[in-house]
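Chemist: got a sequence here, can you build the structure:
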Amino acid sequence: MELGKQKITTNRSMVKRTFAAKGIEYASELAVQNLRDLGRIINWNHQHGVNLYRMSSDLFPWMSEYELKDLPDYERIKNILKGTGKLAMSMGQRLTFHPGHFCVIASNNPAVVTKSIKELNQHGEIMDLLGLPRTQHAAINIHINTTQDGKDAAMQRFVDNFQLLDDSVKSRLVVENDDKASQYSVQDLYSVWERIGTPVTFDYHHHQCYEDPMPEAEALQLAARTWPEGIRQLCHYSSAKKVYEDSSSIIRAHADYIYDRIETYDMDLDIELEAKAKEQAWDRYMKQFATELV
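Modeler: Numbering: from 1, shown residues only. This is a model prediction of the structure:
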């Protein structure tokens, strides 16, 4: 939020009409600006004690419409990414991605699957260019995102189509539990992990919205069993906007800030805060609960 006031952002993009008019050349120009600012954000994080950062999937505007190597500034982009990755690793920064909800490799529509695989492969390519490890430390987090033909059939398609992904993605992919009872619980995703080894990102708020009968601690511990030795379990945390800020909101909506102490049950976790106020929410949480943190 603070850096945004200084026009430091990684979300420079354009509407489809502008892309059609200005093309890949303008997309390349915006990508260079985004990537430069990614380094500035990583520096800010390091200076303020933030060691986990979810990168924007908008780093490359309209990247579904081209190959990264075809960008006019590709050589420059490669050098920026290489330097940014080295900077992040030297500072102990963990970087992750969370591609959007249109990325559905379990779809029963072959065209959607093809587009989703391309999008995920490009996220893996970016992480490779950053020089990040091909492990779930550099997680690419997605949802199954469909129940077409029933949950069992959709999970099987997810398992089958996982094999079509590049190794840069398969080695980093993690799957997150959902916030609707018609979708996927930690237990559902545990069965997916048993087949293809995709760790489960535990989302506290989603678990509550799902109204899963499994207690929170047990669900968190079940998710923990899916993470490889040596890689810290990744979790998401948010407060319900409906409960704390706007009673007219749907229960699934994220609040601007974090209102309760995060219960880790004495587990060693990396937690992404999904709060609209971004680093301001993190700062307020740390000040409020600092005496309880170790």
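Chemist: going along the chain, name the helices of the protein.
Modeler: Shown for the chain, the helices assigned by DSSP state H span residues 2-5, 16-47, 74-90, 110-130, 151-162, 167-170, 186-196, 204-210, 216-224, 241-244, 279-289.
Chemist: dump these to CSV, plus distance to G230, mean pLDDT and mean neighbour count.
Modeler: Yep, even glycine has a C-beta here, placed from its N, CA and C like the rest. As requested, those are exported to CSV (distance: least, CB to CB, whole Å; pLDDT from 0 to 100; neighbours: other CB atoms under 10 Å):
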stretch, distance to G230, mean pLDDT, mean neighbour count
helix 2-5, 32, 94, 11
helix 16-47, 23, 97, 17
helix 74-90, 16, 98, 17
helix 110-130, 18, 98, 19
helix 151-162, 22, 98, 18
helix 167-170, 18, 98, 19
helix 186-196, 17, 98, 18
helix 204-210, 24, 96, 20
helix 216-224, 13, 98, 18
helix 241-244, 36, 96, 16
helix 279-289, 26, 94, 16
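Chemist: which one of those helices lies nearest to D268?
Modeler: helix 216-224 (9.4 Å; CB to CB).
Chemist: what's in contact with stretch 235-242?
Modeler: Around stretch 235-242, the neighbours that count as contacts under CB atoms under 8 Å, 6 or more residues apart in numbering are 176, 201-206, 208-209, 220, 223, 248-260, 262, 269-275.
Chemist: rewinding a little: I'd like the helices of the chain laid out as a markdown table, including distance to Q233.
Modeler: Rendered in a markdown table, the data for the helices of the chain read as follows (distance: least, CB to CB, whole Å):
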| stretch | distance to Q233 |
| --- | --- |
| helix 2-5 | 28 |
| helix 16-47 | 20 |
| helix 74-90 | 20 |
| helix 110-130 | 19 |
| helix 151-162 | 20 |
| helix 167-170 | 19 |
| helix 186-196 | 12 |
| helix 204-210 | 12 |
| helix 216-224 | 5 |
| helix 241-244 | 26 |
| helix 279-289 | 19 |
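Chemist: using PDB, list the CA coordinates for stretch 155-163.
Modeler: Backbone C-alpha positions of stretch 155-163 (Å, rounded to 0.1, in the frame of the first residue of the first chain) are rendered in PDB as follows:
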ATOM      1  CA  MET A 155     -10.200 -34.900  -8.800                       C
ATOM      2  CA  GLN A 156      -9.200 -37.700 -11.200                       C
ATOM      3  CA  ARG A 157      -9.000 -35.300 -14.100                       C
ATOM      4  CA  PHE A 158      -6.800 -33.100 -11.900                       C
ATOM      5  CA  VAL A 159      -4.500 -36.100 -11.200                       C
ATOM      6  CA  ASP A 160      -4.400 -37.100 -14.900                       C
ATOM      7  CA  ASN A 161      -3.800 -33.600 -16.300                       C
ATOM      8  CA  PHE A 162      -1.100 -32.900 -13.700                       C
ATOM      9  CA  GLN A 163       1.100 -35.200 -15.700                       C
END
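Chemist: OK, contacts around D270?
Modeler: So, once contact is read as CB under 8 Å, 6+ apart, D270 ends up touching L52, R94, R232, Q233, L234, C235.
Chemist: could you single out the nearest of the residues you listed to K180?
Modeler: Closest approach between the contacts of D270 and K180, by CB to CB: C235, at 19.0 Å.
Chemist: tell me what the closest one is bridged to.
Modeler: The bridge-partner assignment for C235, based on DSSP bridges, gives F202, I271.
Chemist: any idea how far F289 is from it?
Modeler: Shown here: C235 relative to F289, a distance of 16 Å by CB to CB, to the nearest Å.
Chemist: now A21
Modeler: When CB to CB is applied, the distance between A21 and F289 equals 49 Å.
Chemist: of the contacts of D270, just the buried ones, PyMOL syntax please.
Modeler: To isolate the buried ones among the contacts of D270 in PyMOL, judged by 16 or more other CB atoms under 10 Å, type:
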select buried, resi 52+94+232+233+234+235
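Chemist: how about the contacts made by the closest residue to L130 other than its chain neighbours?
Modeler: Closest residue to L130 apart from its sequence neighbours, by CB to CB, 6 or more residues apart in numbering: G85 at 3.3 Å. Taking CB under 8 Å, 6+ apart as the criterion, G85 is in contact with L129, L130, G131, L132.
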